[in-house]
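Trainee: Sharing a model prediction with you, sequence too.
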Amino acid sequence: MKLSPYILHTDTDEGRVYYNTKNNHSFFISSRLVEKMKDDVEIQNQYETYLKSYHYNQEDNEFEKVTAKITKTDEKILEFTILTHGDCNFRCKYCYEKFEDIAMSEEVEQAISEFAEKLLSVKNYKQFHVHWFGGEPLLGYRTIKALSSKFQEYCDRYGVTYSSDITTNGFLLTRNKQAELIEKCSVTSFQITVDGDQEGHDSQRVLANGQGSYQRILNNLKQLSSSTFQFNCIIRFNLSESNLVSVSNFLDQDGKFLKNDERFLFYNVSDWGQGSREKDYCVRMLAEDRSYEFARKAYENGYKLNYPESLLHNSFTCYANRLNHYMFNFRGIIQACTIDLYSSQNVFGNIVTKSINETKRKHWVKNIDVERCQDCPYVLICKSGHCPLVRNSKTSSWERLCQSNKRRIQKSLALFALTKGYNDVLDVL
């Protein structure tokens, strides 16, 4: 039987892990079983039946069928990214944002609210998900509460499932806000950055007044962990040469209380930031392999990783690459990308004036390059380069983007095998 070209695999010391990018099914098969199967026709037949039952075999028109299914799934989800405030209480050394002390007005809130109701009432959406972003989104806490109430009302009215997440520095995430965000605002996931122990973190993530932020964030995390709420919290590490030791120290010491809490997931990033403060704030990036090794060691020390499976799933793509995603800044400007904030190519209108250039917005939605990519085993995950900002760039070649995505997927697959996230184990009884 011939395997589909869209099946990935990686070897381990004990066997091999297969990942079916057509349906996100995976399994581990031991070397012992592979060896035994060579001389056992019955086991060979059972194995082939198993593979066919999960579509590991090559099928007619499989590329067209899977891409159509992915598109259909995307069409059922409406997403908003909302920048609630123009300012931040931090001045991180690697941050790319330019800050303005401006809160979102009630006029902008009303316009976003009306736009959401219009879409939910006329489109056949099944889910509505909101990403609360900034600046620091908790500076716009009033906006979060006001819009959450409206969004929940509309979703109840039109039979749509509502949820949200928040990317916050964690400094303002007090016990009361934790409870209100989860119970009243339908926040199901937090992302909070901790750049190591106190010394390392406070050297990179400083308050606007120049003081450190570590102890306050650590206390808030301890309160969140001590709660009985159901949520996911991604702890993000922005790794650099200057804070690698301090991040290791955090995992060995202050972060140990998070080890046995299934709600907390760890995510380290080495390719990040477009900071414009080079003169005073220069950080050296870790090589990609070093970042992978750090993730491996964190897992082996008992921490749970966030990303191996999510980066392999065939639904993975940048939100800026989805047609049903809208981003609104604090002035009501409509955009797609949270990185390319200050480029005219990332501005499509203003929600207050109800002016949206849909043709320009669709320029960000990149379809798979069938001629170039259809035969690539990674295409159903990569989708010809999931980041539209990079694909639109005149400085990044296609070959460079392609090789970068392949390395990312390969390392994610290796971490996936390490964490044993696969569906089934096939071994000798």
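Mentor: Looks like it arrived, so ask away.
Trainee: Span of stretch 95-103 from start to end?
Mentor: 20 Å (C-alpha to C-alpha, to the nearest Å).
Trainee: What is the longest helix of the chain by residue count?
Mentor: Longest helix of the chain, by residue count under DSSP state H: helix 398-419.
Trainee: which residues touch that helix?
Mentor: Contact partners of helix 398-419, identified using C-beta atoms under 8 Å, 6 or more residues apart in numbering, comprise 8, 10, 12, 17, 19, 26, 28, 288, 292, 295-296, 299-300, 305, 307-309, 311-312, 372, 378, 381-382, 385-386, 390-391, 422. Bear in mind the C-beta positions are built from the backbone N, C-alpha and C, glycine included.
Trainee: Just the buried residues of these.
Mentor: 8, 10, 17, 19, 26, 28, 292, 295-296, 299, 305, 307-309, 311-312, 378, 381-382, 385-386, 390-391, 422 (16 or more other C-beta atoms under 10 Å).
Trainee: Helices of the stretch 201-350 of the chain, residue ranges please.
Mentor: When assigned using DSSP state H, counting those that start in this stretch, the helices of the stretch 201-350 of the chain occupy the ranges 214-226, 244-252, 288-300.
Trainee: mind listing what's buried in the second one?
Mentor: By neighbour count with 16+ other C-beta under 10 Å, helix 244-252 contains the buried residues 244, 246-251.
Trainee: Need the worst-confidence member of those.
Mentor: Within the buried residues of helix 244-252, L244 has the lowest pLDDT, namely 85.
Trainee: V160: what's it in contact with?
Mentor: So V160 contacts 78, 120, 125-128, 154 (C-beta under 8 Å, 6+ apart).
Trainee: Model confidence for it, exactly?
Mentor: As predicted, V160 sits at a pLDDT of 98.
Trainee: Quickly note the distance from it to L120.
Mentor: Remark: distance between V160 and L120 (C-beta to C-beta, to the nearest Å) = 6 Å.
Trainee: what's the overlap in contacts for those two?
Mentor: The contact sets of V160 and L120 overlap at 78, 128, 154 (C-beta under 8 Å, 6+ apart).
Trainee: helices or strands next to the helix or strand where the last one lies in the packing?
Mentor: For Y154, the host element (DSSP states H and E) is helix 141-158. The elements that helix 141-158 packs onto, with contact taken as 3 or more C-beta pairs under 8 Å, 6 or more residues apart in numbering; DSSP states H and E, are helix 106-122, strand 127-133, strand 161-167, helix 175-183.
Trainee: tilt between the longest one and strand 127-133?
Mentor: To tie it back to what came earlier, the one meant is helix 106-122. Helix 106-122 runs at 160 degrees relative to strand 127-133, counting by axes from the mean of the first three to the mean of the last three C-alpha atoms, to 10 degrees.
Trainee: Flag the shaky bits of the chain, pLDDT-wise.
Mentor: Residues of the chain meeting the criterion pLDDT under 70: 270-288, 386, 394-396.
Trainee: got the residue ranges for the strands in it?
Mentor: 7-11, 15-20, 25-30, 77-83, 127-133, 161-167, 187-193, 232-238, 264-269, 325-328, 333-335, 349-350, 355-356, 424-426 (DSSP state E).
Trainee: Give me whichever of those is most buried.
Mentor: Mean neighbour counts were compared across those using mean count of other C-beta atoms under 10 Å; the top stretch is strand 325-328, at a mean of 23.
Trainee: which residues sit against that one?
Mentor: Residues outside strand 325-328 that contact it (C-beta under 8 Å, 6+ apart): 79-83, 108, 112, 115, 319-320, 334-338, 351.
Trainee: Looking at those residues, which is nearest N268?
Mentor: T338 (19.6 Å; C-beta to C-beta).
Trainee: Please look at that closest one and T81 and confirm they touch.
Mentor: Yes: in this structure, T338 is within contact of T81 by C-beta atoms under 8 Å, at 6.3 Å.
Trainee: what do those two both touch?
Mentor: 133, 327.
Trainee: and of the strands of the chain, who's closest to S343?
Mentor: Taking the strands of the chain one by one with C-beta to C-beta, strand 333-335 is closest: 9.2 Å.
Trainee: Adjacent strands (with direction) for the closest one?
Mentor: Strand 333-335 has its sheet partners listed here by DSSP bridges as strand 325-328 (antiparallel), strand 349-350 (antiparallel).
Trainee: so how far is stretch 326-338 off the chain centroid?
Mentor: 18 Å (C-alpha atoms, centre = their mean, to the nearest Å).
Trainee: If you could redo that for stretch 246-257, that was the one I meant.
Mentor: 23 Å.
Trainee: Need the distance between the two termini of it.
Mentor: Stretch 246-257: ends 17 Å apart by C-alpha to C-alpha.
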